[in-house]
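Colleague: Give me coordinates for this.
(chains A and B)
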Amino acid sequence: AQTVTQSQPEMSVQEAETVTLSCTYDTSENNYYLFWYKQPPSRQMILVIRQEAYKQQNATENRFSVNFQKAAKSFSLKISDSQLGDTAMYFCAFMKLPGAGSYQLTFGKGTKLSVIP
Amino acid sequence: DTGVSQNPRHKITKRGQNVTFRCDPISEHNRLYWYRQTLGQGPEFLTYFQNEAQLEKSRLLSDRFSAERPKGSFSTLEIQRTEQGDSAMYLCASSYRGGLTEAFFGQGTRLTVV
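Modeller: Numbers count the residues shown, from 1 in each chain, chains lettered A, B, ... in the order given. So this is what the prediction gives:
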């Protein structure tokens, strides 16, 4: 079974600064996908960024980028130029490669990020 | 298209009562998922449909829980004889078949069992 660990229950960052959220995972799979989801207060979860394990290049999406260290089973999210709208719960999630019969996401417990004006 | 829709948004029920939640996925999405999220935890997988077929069920889905997707469109999740431990946010998500595609989540149904 896969496990996802987010060791930072809460974090805060000043507006316009950079913050990094940590995530580690445990799996025996060689090919898989990793995701960061954002859940704003009272709103639905949305995908921030995803990474295919077979790709060495770290994924980037505008102000969001990841540091994927496959050997260390680490997948951190960096948010640059933090904005007030980034205030949310952030969940790291794992999915085995589709075709293995499962499309379920395994989530960490989340990190509550507060962006301070 | 307004995304994944879940109803009701909130439900308060007495212990022992049955409750049913509905999820309307994005129209062209043929995969549908149910997750449960308790306070301070990340979502936990409950079950997965591809069209009308329920292909995967978690061990979390006890025999008091049943999910259906009769015509491959909307889905219902029923909890019989509710217990206080069933209090949680129930999330529905959908995605389009065709390789790996993003799962879109609804806003969830918050269940409180009193």
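
Colleague: Touching, B:Q41 and A:K109? I think so.
Modeller: Yes. With contact defined as CB atoms under 8 Å, B:Q41 reaches A:K109; the gap is 5.6 Å. In this view, the C-beta of every residue, glycine as well, is placed from N, C-alpha and C.

Colleague: Specify the local secondary structure of whatever residue of chain B ends up closest to chain A.
Modeller: The nearest approach of chain B to chain A comes at B:G42, 3.1 Å away (CB to the nearest CB). Secondary structure, DSSP: H, G, I helix; E, B strand; the rest coil: B:G42 is coil.

Colleague: okay, and for chain A, where does confidence drop off?
Modeller: Under the criterion pLDDT under 70, the flagged ranges of chain A are A:98-102.

Colleague: What parts of it come near chain B?
Modeller: A:4, A:6, A:33, A:37, A:42-47, A:50, A:52, A:91, A:93, A:95, A:98, A:101-110 (CB under 8 Å from any CB of the partner chain).

Colleague: The residue most central in space within chain A and chain B, how far apart?
Modeller: In chain A, the centroid-proximal residue (CA atoms, centre = their mean) is A:W36; its distance is 2.9 Å. The gap separating A:W36 from chain B is 12 Å, by CB to the nearest CB, to the nearest Å.

Colleague: tell me the SS of that residue?
Modeller: Using three-state DSSP, the structure places A:W36 in strand.

Colleague: Name the residues linked to it by a beta bridge.
Modeller: A:I49, A:C92 (DSSP bridges).

Colleague: check contacts around it.
Modeller: Listed by CB atoms under 8 Å, 6 or more residues apart in numbering or on different chains, the contact set of A:W36 reads A:21, A:23, A:47-50, A:64, A:66, A:75, A:77, A:90-93.

Colleague: Mind doing that once more with 10 Å?
Modeller: Each residue near A:W36 by CB atoms under 10 Å, 6 or more residues apart in numbering or on different chains is listed here: A:21, A:23, A:47-51, A:59, A:61, A:64, A:66, A:75-77, A:79, A:90-93, A:108, A:111.

Colleague: can you check B:Q37 too?
Modeller: Taking CB under 10 Å, 6+ apart as the test, what B:Q37 contacts is A:39, A:45, A:89, A:91, A:107, A:110, B:43-44, B:88-91, B:108, B:110.

Colleague: Buried among the contacts of A:W36? Need that as a selection in PyMOL.
Modeller: Buried members of these, defined by 16 or more other CB atoms under 10 Å in any protein chain shown, are picked up in PyMOL with:
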select buried, chain A and resi 21+23+48+49+50+51+59+64+66+75+76+77+79+90+91+92+93+108+111
